[in-house]
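Peer 1: Below are the sequence and a predicted model; questions follow.
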Amino acid sequence: MTLYLRRDVSAGNRCFTVSDALGAEKYFVSTPTSGLMTKFKLVITDTTGNEAARIRRIPLVGTMTYVLRFGRKHVTLVTVPTTKGISAYFYGSNWHIVGEFAAKNFSIIDVDKTLICEHRNHADYCEINIPGSGNELFCVAASVCSNLINTIDSPALQAV
């Protein structure tokens, strides 16, 4: 399955739109309109408005840490800037990232070397290739996190 993640710059609280290979919208990523610490949270909803997943950014010194929550399951994604670029690690999963996470050209691989997701950056969108459908939301959330690097702290690029 192939999904496409595009930055949504329209008015409102939407940050990203995810569409399928036919161009039909599948998910919306937005900031909550109310609540505590809303600038550190994102919500992934389906086209009917039902919440599918949550992403929470935890501001820790020296890292960019995200908690990806899908119902009762959660995985923590930690990104650490190094002299060779940004290293990204999952906690709560046996998966690891191969490639350049900050450049948005990476793959997510299982411990048995099974491909979970392949992510490619294009000029105005990101392409997410997912061999199976069971990890779709996880791959979309990881893609959103990679797209937040170097943009979330810039007021000009934040959703209002």
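Peer 2: Looks like it arrived, so ask away.

Peer 1: what's the longest strand in this structure?
Peer 2: strand 73-82 (DSSP state E).

Peer 1: For that strand, what is the distance to the chain centroid?
Peer 2: 11 Å (CA atoms, centre = their mean, to the nearest Å).

Peer 1: what comes up buried for it?
Peer 2: For strand 73-82, burial by neighbour count (16 or more other CB atoms under 10 Å) applies to 75, 76, 77, 79. Every C-beta, even on glycine, is put in place using the N, C-alpha and C of the backbone.

Peer 1: mean confidence score for that strand?
Peer 2: Per-residue pLDDT over strand 73-82 has a mean of 89.

Peer 1: Which strands border that strand, and is each parallel or antiparallel?
Peer 2: Using DSSP bridges, the strands paired with strand 73-82 are strand 64-70 (antiparallel), strand 85-91 (antiparallel).

Peer 1: Deepest-packed of these, please.
Peer 2: strand 64-70 (a mean of 20; mean count of other CB atoms under 10 Å).

Peer 1: what sits up against the longest strand of the chain?
Peer 2: Strand 73-82 has contacts (CB atoms under 8 Å, 6 or more residues apart in numbering) with 62-68, 86-93, 101-102, 138, 142, 145, 149.

Peer 1: Any stretches of this structure with poor pLDDT?
Peer 2: The model of the chain has pLDDT under 70 over residues 34-39, 150-160.

Peer 1: rerun at 80
Peer 2: Within the chain, the segments meeting pLDDT under 80 span 10-12, 32-40, 85, 133, 149-160.

Peer 1: that older thread, make JSON lines out of the strands paired with strand 73-82 and add distance to residue 130.
Peer 2: Shown next, in JSON lines, are those (distance: least, CB to CB, whole Å):
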{"stretch": "strand 64-70", "distance to residue 130": "15"}
{"stretch": "strand 85-91", "distance to residue 130": "16"}
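
Peer 1: among those strands, which is nearest residue 50?
Peer 2: Of all these, the one in closest proximity to residue 50, counting by CB to CB, is strand 64-70 (12.7 Å).

Peer 1: and the spatially most central residue of the chain, what is it in contact with?
Peer 2: The centre of the chain sits closest to residue 144, judged by CA atoms, centre = their mean, with a distance of 2.2 Å. Applying CB under 8 Å, 6+ apart to residue 144 gives the contacts 5, 15, 16, 29, 42, 44, 55.
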